[in-house]
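> Mind folding the following:
(one chain, ligands or ions: 1)
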Amino acid sequence: MASPSSSPVKPDSARLQNGASGSAERFNLESVRESLIRQEDTIVFSLIERAKFPRNLKVYDESSREIPGFSGSLLQFFVEQAEILQSKVGRYYNPEEHPFFPENLPLSLLPPYNYKQVLHPAAASININKKIWNVYVDDLLPLFAAKGDDGNYASTMSSDLTCLQNGIGISQALSRRIHYGLFVAEVKYRNAPQDYGPAIHAQDRDALMKLLTFESVEEMVKRRVEKKASVFGQEVSLNDSDGDKYKVDPSVVSHLYGEWVMPLTKLVQVEYLLRRLD
Ligand SMILES: C=C(O[C@@H]1C=C(C(=O)O)C=C[C@H]1O)C(=O)O
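The predicted model follows:
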């Protein structure tokens, strides 16, 4: 997948959406963590939705030439076309939205929403969706999508599309959640500029990673998402003798957060903080 650059369609100013980030008025560590907790539900439900289909690996085959004149996977084509449409109606003016294919996106046909500046302008240059895409296809799908191919490529891509771009979807949920690290990092900097400033001036990634890491919070996140997966994904049976079965293994969800979601969220925080005093 081509390395994305920053989106050309974000205006200079940006404001927290009232959606995932809670009230636009409250901007503190508690409110951004509350938003991350709410996003857990979307991620767990989207895992369950995507798990309806087998891997259908043909969809992700980047050597595919199925689409005349297009070089890339079926899903890349599908998502790219969706992002073109959504860019035309201003989706990427929202600082919480990050396109997977920011190159060559058309400008919005609608006037930009008057967002309040929350993040440092450097945030517009941070987009790790290439990593998210590769992690999703190479590491995550095998964890929760059964082997096999049922030929439902359009349905699979619709599931991935709403995932990658919007609505209830695993990759969209992942991208939005991971890039929410921008807001977490901004709050952490504002709370302790005296701590973060020296590490930023030294461009010390390790020092920044140590400052922004809260292992106790991470442990709570892993336990909570595992519990949510067991509750939201439990197979309901009228036969009491059936043991507990789940649409997605709850331990997989905890593993997914611990191995990828949280490390990538922290990577976004470090990348942002390195540029915070530019
Ligand atoms: C998001 C935060 O930063 C880090 C990443 C976390 C995560 O991705 O869930 C949790 C705790 C921190 O180690 C936070 O402090 O809430």
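> Reduced to three states, what does Ser87 come out as?
Following DSSP: H, G, I helix; E, B strand; the rest coil, Ser87 is assigned to helix.
> His98 now?
coil.
> burial measure for it, as a count.
By other Cβ atoms under 10 Å, 26 other residues sit near His98. The C-beta positions use only the backbone N, C-alpha and C, and glycine is treated the same way.
> Check Ser251 too.
Applying other Cβ under 10 Å, I find that Ser251 has 13 neighbouring residues.
> again, but for Leu119
Neighbours of Leu119 (other Cβ under 10 Å): 20.
> Does it touch Ser125 like I think?
No. Applying Cβ atoms under 8 Å, one finds Leu119 not in contact with Ser125, separated by 11.0 Å.
> quick check, stretch 216-225 touching the ligand?
Yes. Interface with the ligand: stretch 216-225 contributes Val217, Glu218, Val221 (Cβ under 6 Å from any ligand atom).
> Okay, and the second one sits in which element?
Pointing back at Glu218 there. helix 215-232 (DSSP states H and E).
> From the contact counts, what lies against that helix?
Other helices and strands packing on helix 215-232, by 3 or more Cβ pairs under 8 Å, 6 or more residues apart in numbering; DSSP states H and E, are helix 29-50, helix 250-256.
> mean pLDDT lowest for which of these?
If you rank these by mean pLDDT, helix 29-50 sits at the bottom with a mean of 91.
> packing partners for that helix?
helix 141-144, helix 153-164, helix 170-179, helix 181-191, helix 215-232, helix 250-256.
> Get me the contact residues on the stretch 51-200 of the chain for the ligand.
Taking Cβ under 6 Å from any ligand atom as the measure of proximity, the stretch 51-200 of the chain contacts the ligand at Val184.
> Could you list every helix and strand that the helix or strand harbouring Leu208 packs against?
Leu208 belongs to helix 205-212 when assigned by DSSP H and E. Packing partners of helix 205-212 (3+ Cβ pairs under 8 Å, 6+ apart): helix 181-191, helix 193-201, helix 262-275.
> Rebuild those helices as CSV, extending it with distance to Glu62 and mean neighbour count.
As requested, these are arranged in CSV below (distance: least, Cβ to Cβ, whole Å; neighbours: other Cβ atoms under 10 Å):
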stretch, distance to Glu62, mean neighbour count
helix 181-191, 27, 21
helix 193-201, 37, 14
helix 262-275, 21, 21
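> In contact with the residue of the stretch 51-200 of the chain found nearest the ligand, which residues?
Nearest residue of the stretch 51-200 of the chain to the ligand: Val184, at 4.4 Å (Cβ to the nearest ligand atom). If you count contacts by Cβ atoms under 8 Å, 6 or more residues apart in numbering, Val184 has them with Leu29, Val32, Arg33, Leu36, Leu212, Thr265, Gln269.
> Same list, those, but as JSON lines with distance to Phe144 please.
JSON lines is the format used below for those (distance: Cβ to Cβ, whole Å):
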{"residue": "Leu29", "distance to Phe144": "31"}
{"residue": "Val32", "distance to Phe144": "27"}
{"residue": "Arg33", "distance to Phe144": "25"}
{"residue": "Leu36", "distance to Phe144": "21"}
{"residue": "Leu212", "distance to Phe144": "28"}
{"residue": "Thr265", "distance to Phe144": "19"}
{"residue": "Gln269", "distance to Phe144": "26"}
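> ok, His179 - contacts?
So His179 contacts Glu96, His98, Ile126, Asn127, Ile128, Val268 (Cβ under 8 Å, 6+ apart).
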